[in-house]
Structures are given as C-alpha cells and as structure tokens.
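[1] need a structure here:
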Amino acid sequence: MTKRKGILKIFVIILSVLILPITVYADLGPKDCLTVYVVNPPSDNYYLDLLTQNSSPYNNFHEEGERESLNTQMLDLLYSYKKDGWMPALTEGTGLPMWGDLIGELDGNKMVHKFGYVGLPKTYRIIIVTQSGKVMVSDTYTRKALQSSITFDYKTGEAVVPNIFVSYLIQFITTCIPTLIIEAPLLLLFGFKFKENYKIFFSVNIYTQLFLTVTLGTTLIRSGTLSAYFTQFPVEIIILIAETAIYSKFLKGHSQKRRCAYGIIANLSSWVIGFFLLSYQYKLLVSLM
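    Residues are numbered from 1 along each chain as shown. Sure, this is the predicted structure:
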C-alpha cells in the first residue's frame, strides 16, 4: 500500500508539472546564425560577406553613417562578383533583416565573422574582398542547422563544415541515457524483475529514442528550442501510447493494469526531465555545429 501511495504521488507531481501554464513569445526563441572562421586571413584589410541568390534591396545598416563609413571601393568589389544571380546578402539585402560582421574579430590565429537573424540565407557562398583589390569566392554551401559554423581557409580557398551526423548522435545519446537512468529504477519500483524484462526494456527504449531523434531531434537542430517545445508534446504522446501498449503486452510479471501504469509513469517521468533538459541540450548541440 505504501509503495502504491508513493507511485500515486509521483504521478500527481508529474501531471502538475505538465499542466503548468507556460507563456512563450515567438521572438524569444533562438534565431538563425552562421559563424564563419577564417584561417590564414588576408594580410591587408578585407570585407567578408555571404553571397545569396535571393537578394532584395534592404538596408541592414540601421545606424546613421554606418554604410557611409565603409570603404566604397571594397563595397564595389563585393558587388563585382555577379554570376548566376549571386549578390552580397548583408550589403545588398535579402528582403528580411539580418546582421553581420563584414570586418570580423581576431580570435587567436583566425578571424571570426558572425551573421544572423531571419534574413540569413540558407544556401550561400563566402566572398572575401581585400583593400588591395583581390576577390575570393567559396563553393556553395547549405546550412543544415539553425545555428551553425564553417571554417574557411583563405590561403587554399577550401572550407570545412562540421559533420551534422555528430549532432544527431549527441542528441540521441543525451536523450537516451537520461531516459534509461529514469525508467530502469522505476521498473524495479513497480516490482518487475529486470533479468526477465531487460530485453523488452532496452528494445523499446532504443527504438523510441531513435524515433525521438528523427522527429524532435531534427526539429531541435534545424529550428531551435521554441519549435522543439511545440514538437515535443505530440511526439511524446505518441511514444507514451506506443510504449504503454507494448509494455502492457510483453512485460513479464504482475497484472496488465500494473504494466500499463508503469508505461505511463515511466514515460511521463522521462518526458518531464527531457522538457527541462531541452535548452541545455540545444546549447551543447550549438557548440558542436
């Protein structure tokens, strides 16, 4: 009886957390961001912009005199590379606002240029123009994450983009391990023998975590935390129903009612923990991208 009361208290706490009203403002979510690292940068002054094929005149320089303070000859060089409709995104505009660092900042032996906000092009090329009149343009790249990076070697003209597969792998691991840590002790708390049920326990969790990575993980990497929070609810409902149905049929020991109760409690518990870990998980993924 005491054990049942303890389980009931856990269930009430979990439900209370889930129904708490959460106010979300759309502009508070993370925005598109691309960090360009330039190794072996030019020895003289240079500007770096992103080329886009979706250009539309837009004033991204809002401060008074900001555009006028730039080197007009170097700006002309940015516009000089007109091939297949490519135009400089920051200086020309993409129809939606964006910000960026034409000059960049020195960080150790490399220069760092950051571009971001809703006007940031998904498909882009890097263009570098120097005060001495040199122009270098990279190959074409497509951003696969909301906040990503690219390392460009000015000396060789080659660029390196972090492997997106690593981000998905980390997302899977950082979701799967906490789930196993939470749901395994609950399995024992409900009185099920781990030796008799470990195969179904691990099989169910591995498959559902793969599903979670394909759905919620993809949303988190490509669209950020705000979209992930909205995606999390229907995805977790699907997982809860599926796991509860499987556990009620295949778990060994005790009644079907207890097997169902375990499926519900275990999923709600991992859901709550996953909800609060989501923002930290995103910060980790951004550091890898």
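[2] which residue is the nearest non-sequential neighbour of the residue nearest the centre of the chain?
    A centroid search over the chain (CA atoms, centre = their mean) returns residue 221, at 2.5 Å, as the residue closest to the centre. Using CB to CB, 6 or more residues apart in numbering and skipping residues adjacent in sequence, the residue nearest residue 221 is residue 145, 5.0 Å away. All C-beta spots, glycine's among them, are computed from the backbone N, C-alpha and C.
[3] ditto for residue 227
    residue 219 (5.2 Å).
[4] return the one helix or strand the one you found maps to as PDB; C-alpha atoms alone will do.
    Using DSSP states H and E, residue 219 sits within helix 218-223. Presented in PDB, the C-alpha positions along helix 218-223 are these (Å, rounded to 0.1, in the frame of the first residue of the first chain):
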ATOM      1  CA  THR A 218      15.700  17.100 -36.100                       C
ATOM      2  CA  THR A 219      13.400  20.000 -35.100                       C
ATOM      3  CA  LEU A 220      15.800  21.000 -32.300                       C
ATOM      4  CA  ILE A 221      18.800  21.100 -34.600                       C
ATOM      5  CA  ARG A 222      17.100  22.700 -37.600                       C
ATOM      6  CA  SER A 223      14.700  25.100 -35.900                       C
END
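[5] residues in contact with it?
    Under the contact criterion CB atoms under 8 Å, 6 or more residues apart in numbering, helix 218-223 has outside partners 144-146, 164, 167-168, 171, 227-228, 231, 278, 281-282, 285, 289.
[6] are any of these buried, and if so which?
    145-146, 164, 167-168, 171, 227-228, 231, 278, 281-282, 285, 289 (16 or more other CB atoms under 10 Å).
[7] if we can go back for a sec, where does the residue nearest to residue 221 land in three-state SS?
    coil (DSSP: H, G, I helix; E, B strand; the rest coil).
[8] show the contacting residues for it.
    Per CB under 8 Å, 6+ apart, neighbours of residue 145: 164, 167, 221-222, 285, 289.
[9] and with 10 Å instead?
    Going by CB atoms under 10 Å, 6 or more residues apart in numbering, residue 145 touches 32-34, 161-162, 164, 167, 220-224, 285-286, 288-289.
[10] any buried residues in stretch 235-247, and which?
    Those would be 235-236, 239-240, 242-244, 246-247, for stretch 235-247 by 16+ other CB under 10 Å.
[11] before we move on, back to that, in the contacts of residue 145, which has the lowest confidence score?
    Within the contacts of residue 145, residue 289 has the lowest pLDDT, namely 69.
[12] listing request: residues of the stretch 151-289 of the chain with sub-threshold pLDDT.
    Along the stretch 151-289 of the chain, the parts satisfying pLDDT under 70 run over 289.
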